[in-house]
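Engineer: model this:
(chains A and B)
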Amino acid sequence: MFNKFKKNESKLHQKERKLAFFLLLPTIFIVLSIVIFPLLANFWISFKPISLGDLRPPKLIIKENFRAKLINKDKTAEIHYRYRNSSAKYDLNNVIFNDTIPKGFTIKKIEPNDTCEIKDKNLTCNLEKVPAKSSGKIILKITTNDYWKKYKDNPKNTKPTTSYQSKNILTSFEFTFDNFKKVFSATEFVQVLKVSIYYTIFGTAGALLVGLFAAQILQKSFKGRTFVRGLLLFPYISPVIAVAFSWVILFDPFSGVVNSMLIQMNVIDKPINFFGQKYTDISIFGYIFKFPLALSMVIAFEIWRYFPLSFLFILARMQSLPEDVFDAAEIDGASPFQQFYYISLPFLIGIISILFLLRFIWTFNKFDDIFLLTGGNAGTRTFTVNVYEQAFAISNLGAGAAVAVVIFTFLLVFSLVFIKYSKKDAF
Amino acid sequence: MFWKYGLFCSIFAGSIWGAFWQIIFTMMGILTFGIPLELDVNQMLIIGLVSGIFYINFQKTISMKIHLTAIVSMTLLVYVFNFGKPYQINESLNNINIFILIFLTSAITWISINFSLNKISIGKLSRYDLENFYIKLMWGLGLIIFILITLVPFYIMIMTSLKNQQSLILNPLDFSLNINSDFKTLFNSYIELFTDFNFHLFLINSFFVSCVTVFITLFFSIPGAYALARLRFPSKKLFSSSVILIYLIPSIVLVIPLYAIFSQIGLRNSLLALIIVYPATTIPVALYMLRGYFSSLSSEIDDAALMDGLSRVQIIFKIAIPLSKPAIVSVGLYVFMIAWNEFLIAFMFLDDPSIFTLSRGIMSLNSSEVPQQHLMAGAVIATIPVMIIFLYLEKFLISGLSTGGVKE
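Structural biologist: Residues are numbered from 1 along each chain as shown, chains lettered A, B, ... in the order given. Just a heads-up that it's a prediction; the model follows:
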């Protein structure tokens, strides 16, 4: 009896297992093909000497021309095939092309010799190899009877078909370390690393602190609190392109509101190019030090755009804190700062540290914001912008992929830390 | 210590509020009237300071009459300080506007002082009262600053989109709207975007891509989430946590291989490419959010249904989906927002203007040949649908976001 029950249950388990697998299969498939596979492909590309132009596979371009005089005593005509290798880098091998010669044509001569054969009106030309950049011409000299004139049967009506092989740089086994050498060498790498770290640390910490402050403010109940809470989420939910460009226009050196306002109020004498100036001199007590202006602006944007997220999490956690704890503290005579320091903060520290790690990873991976604000110029080039810069601006896909590998390595380390700590606090 | 006394608190709060509101209202005045005003922080700082001291002395006997007297005398003091010409403005035309501005500055400063100094006595304060005073002051200042910094970029966005090039170059600070101008001149940028810049196509494309993404995402993530929430299978935990890890992977790491592969198979410059890539980034989010919702439903219903002979697949369609309709709608709208806001992939993949999405289309406006207000009008067009969706699902989004469904 008991055995039977157990057997039944294991059968049920098996059924469930199968069903679960079946239900999750499409997700697994999609994630594998669009996330995991490209991730591996990125490693592959990072070891290849590949530029943006190489993505267009080399092609054999063929142009057919038919030359005949309408009134022609000899009834001769010529068909010209001009062919060209579209690639400047890769040869085409085993090139063969076919075409149909209409009825009524007799081929007298083929130039150059030996390349083409004709069988039952089917022309087959074997060009063997067309080197990179090269081109050539095949001329068929033909005689015609009147047939083609009657039916307007032009040889150009049938397009030549081609078959050829070429090396595809993506799938070939040509590898190089140049991409990584290029990425790691030069002073640029240190510069990019520095900017990435500054951006990530200050962006994350700033957004968290501002979020914590906002949560403290919205913790207190007042009229219109729900409204304000929704309002503060605007920067986070709006399309990045919209808010980034409104910041750019707001801080524009020529027609921006901020510059005009500051000049109007006699704070500055001439406009500041907030997103275009790498450093600005600030003197404090006679010491002049270089303040990284554009980078700070980008960090300010990051804080402005992402504090709502931390604010939301912290507020949610605070509202789950039992009210009577504070009542008890109040009775014990704890001052507001003491209540914050001894009750709220210890309660929030879990969510804050998780948020810090999560936001740290996301800020490190942030591309859109910096790209739209400064394009990575004026000392704001982080690793993510560098991926774009290398792969698409300089057209060196391999180097871009190498930078992406560097990002992924950092990400892996951060994720391990994240997993280790997130176990303590159910996220 | 002197700073523990209520009198100091009143001086502190009064001068801070005075200076603060003077700065804010001067800026607002410049932007709304379109006339250059000179900022003078000191006068209002002193007036606020005096009002603070006044308030703390008379707060017990305060009445409507005293409130009014205070505000009016603060306004008058501004005029006296400036010898009748506040902001150094001579134009008599604007005098009524200037008066309203000064009156508002005084009134709001007075109200803020009232709020901060309420129930603060003039003598030495206990630690509790003192901290409460500073917290209240910070609370008020903080709230206003947060609202302002959140709204300013949006305000600039909307107002710029309604201006014309000439007036923007003439005076970048003039955001006054000519109420008499007709609809066509006011919304000129929008009209041009739709007639000359194909924005109707971009809207349709964005809408199409986002809707298909929502459909595909829900189609695959609902059964998946149900499996994760209800069914027992080995390595379920591993699977759940790898879902989180998947959405830590940024698209910038994937964009080069995707670009290379899609170029080779000739898919790159097409909306189909976006429809293939977007669900891959949104399915993990949807899976995560829906799993949370399904787990919060009681599993007893499922067990009862199993007893009654329903299969698991039937349960998904007849019980789980109908029960979680609001959650599914909200997750769908959230996915819609992600797809709608997406920039990187659209920017990299699309070259052909007839298939641009809104993000890509706005990017194409970012050139020196296209005037600023067109760019901002494009930004407004892209933002409005998101705002509408947000207002509709604010409550769910807030609870959904804060329970862990977070994605850039």
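
Engineer: Which of the helices or strands spans A:Gly206?
Structural biologist: With elements taken from DSSP states H and E, the one containing A:Gly206 is helix A:186-219.

Engineer: near chain B at all, that helix?
Structural biologist: Yes - Helix A:186-219 reaches chain B (CB under 8 Å from any CB of the partner chain) through A:Phe213, A:Ala214, A:Gln216, A:Ile217. For every residue, glycine as well, the C-beta is placed using N, CA and C.

Engineer: how does the chain divide into domains?
Structural biologist: Let's take chain A. A:2-46, A:58-166, A:180-422 (automatic domain parsing).

Engineer: Chain B, not that one
Structural biologist: B:2-170, B:189-402.

Engineer: Name the nearest residue to the residue in the stretch 101-250 of chain A that chain B sits nearest to, ignoring sequence neighbours.
Structural biologist: Nearest to chain B, among the residues of the stretch 101-250 of chain A, is A:Ala242, at 3.6 Å (CB to the nearest CB). Once flanking residues are discounted, A:Ala242 sits nearest to B:Ala379: 3.6 Å by CB to CB, 6 or more residues apart in numbering or on different chains.

Engineer: surely the residue of the stretch 101-250 of chain A closest to chain B meets B:Pro385?
Structural biologist: No - with contacts defined as CB atoms under 8 Å, A:Ala242 does not count as touching B:Pro385, sitting 11.2 Å away.

Engineer: Compare the two (neighbour count), which wins?
Structural biologist: Neighbours per residue (other CB atoms under 10 Å in any protein chain shown) separate A:Ala242 from B:Pro385, with A:Ala242 holding more: 27 against 18.

Engineer: buried stuff in the helix or strand B:Leu77 falls within?
Structural biologist: Using DSSP H and E, B:Leu77 maps to helix B:64-81. Across helix B:64-81, burial judged by 16 or more other CB atoms under 10 Å in any protein chain shown covers B:Ala70, B:Ile71, B:Ser73, B:Met74, B:Thr75, B:Leu77, B:Val78.

Engineer: Report how many residues lie close to B:Ile135.
Structural biologist: Neighbours of B:Ile135 (other CB under 10 Å): 17.

Engineer: Can you check what pLDDT the model gives it?
Structural biologist: For B:Ile135, the pLDDT comes out at 89.

Engineer: what's the closest non-adjacent residue to it?
Structural biologist: A:Pro336 (5.1 Å).

Engineer: What segments of the stretch 101-250 of chain B are helices?
Structural biologist: Taking DSSP state H, counting those that start in this stretch to define them, one finds helices in the stretch 101-250 of chain B at B:127-161, B:165-170, B:183-186, B:188-196, B:199-230, B:236-246.

Engineer: And the stretch 151-300 of chain A, by the same measure?
Structural biologist: A:178-184, A:186-219, A:225-232, A:234-237, A:240-250, A:257-264, A:293-319.

Engineer: Most tightly packed of the ones you listed?
Structural biologist: helix A:240-250 (a mean of 24; mean count of other CB atoms under 10 Å in any protein chain shown).

Engineer: could you pull out the strands for chain A?
Structural biologist: A:60-68, A:76-85, A:92-100, A:105-111, A:116-119, A:122-130, A:135-144, A:161-166, A:279-284, A:287-292 (DSSP state E).
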